[in-house]
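Visitor: Let me see the structure of the following:
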Amino acid sequence: MKTYNPSGITLDFEPSHVHFIEPLKSSETSEIFHISYDGQSYFLKVFHMDDDPGFSPDGRDLSRYRCESQAYLALSRHGTCDMGIVPQFYGVLENLDPSVFEPNLEAFNEDKVHPCAIILEYLHDASVFTSEPRSVELRQYAKDALNQIHQAGVIHNDPHPTRNLVVASGGRVVWVDFDTSIVFSGARRGELDFNEEACDELKYFESCARRFPVKGTPLQGNKMPMPQSHLSSSTVALIGE
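Guide: I've put the predicted structure just below:
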């Protein structure tokens with residue numbers, strides 16, 4: 001079995017080295033698992049591929065797998081993953097045979113088309129942004145992080161605060177759930193204008209974030225700096241949605 005990483009390199013992927021630790025989330029479109037590969041923890045997000053919805057009239061790709069994999073590819077190539085504001089992306093698995101991983105992928109047994117998966121950094125000790133009151137600084141940090149995502153030509157397209165994870169051990173705010181995102185290679189994509197989309201979703205996030213409780217008072221002085229990922233180049237992770 002092969003996996004394709006962000007650099008376009010084809011790597012061997014040994015199913016026998018995978019240990020499914022626990023399922024994390026199940027939906028009509030995908031399954032997310034915490035797994036280990038050669039002893040390292042990862043997320044594996046596996047997508048149903050039965051019905052390819054194609055593209056909408058305004059130019060949006062409606063395939064959740066393509067949306068998410070293309071978004072992470074753009075973010076990785078732009079260096080956004082290394083900033084720690086989105087998970088590290090380690091590649092994709094296509095035409096995945098669910099029988100190889102029975103019974104863990106039994107939800108895909110009846111699919112007419114084999115599923116695809118993405119491999120992401122496992123986020124230890126993560127909690128949902130809206131699970132408790134957050135500081136004004138943290139909310140601004142999340143907005144700044146979204147702006148950095150835009151610098152990679154990626155529109156999240158669902159920028160509600162519930163799409164943030166706070167990683168307690170590193171003080172990171174991490175944007176996730178890019179399965180409806182839009183990747184731009186220029187100023188426009190079909191009928192969509194990049195600058196308009198970016199501006200609109202920043203405003204939307206800020207509007208939504210105001211509805212949630214605020215913790216403490218603003219700090220004086222400079223804003224929180226963007227943290228850098230502490231993962232080494234030799235770290236390998238598997239994750240998917």
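Visitor: Confidence-wise, which helix or strand of the chain is lowest on average?
Guide: strand 2-4 (a mean of 56; mean pLDDT, DSSP states H and E).
Visitor: Where does pLDDT dip in the protein?
Guide: The model of the chain has pLDDT under 70 over residues 1-11, 168-170, 216-241.
Visitor: Okay, strands next: where are they in it?
Guide: 2-4, 10-12, 18-26, 30-37, 40-47, 89-93, 116-121, 126-128, 154-155, 164-167, 172-175, 182-183, 188-189, 192-193 (DSSP state E).
Visitor: D58: which of the ones you listed is closest?
Guide: Closest approach to D58 among the strands of the chain is made by strand 192-193 (5.9 Å; Cβ to Cβ). Glycine gets a C-beta too; all of them are placed from N, C-alpha and C.
Visitor: From the chain's centroid, how far away is the closest one?
Guide: 22 Å (Cα atoms, centre = their mean, to the nearest Å).
Visitor: And for stretch 144-159?
Guide: 12 Å.
Visitor: what comes up buried for that stretch?
Guide: Residues of stretch 144-159 classed as buried by neighbour count (16 or more other Cβ atoms under 10 Å): 144-146, 148-150, 152-157, 159.
Visitor: Quick check: D179 vs L202, distance?
Guide: According to Cβ to Cβ, to the nearest Å, D179 stands 20 Å off from L202.
Visitor: Please identify which of the two sits among more neighbours.
Guide: More neighbours surround D179 than the other of D179 and L202, with 22 against 16 (other Cβ atoms under 10 Å).
Visitor: so that one sits right up against E68, yeah?
Guide: Yes - counting by Cβ atoms under 8 Å, D179 touches E68, with 4.3 Å between them.
Visitor: and the gap between the spatially most central residue of the chain and C199?
Guide: Most central in the chain under Cα atoms, centre = their mean is V176, positioned 3.8 Å from the mean C-alpha point. Using Cβ to Cβ, V176 is found at 22 Å from C199.
Visitor: How about Y42?
Guide: 35 Å.
Visitor: Which one's more surrounded, those two?
Guide: Comparing Y42 with C199 by other Cβ under 10 Å, the one with more neighbours is Y42, at 24 against 12.
Visitor: The more buried one pairs with what?
Guide: Taking DSSP bridges as the rule, Y42 bridges to I35, E121.
Visitor: Let me know whether F13 touches L93 as I believe.
Guide: Yes - counting by Cβ under 8 Å, F13 does reach L93; the two are 6.4 Å apart.
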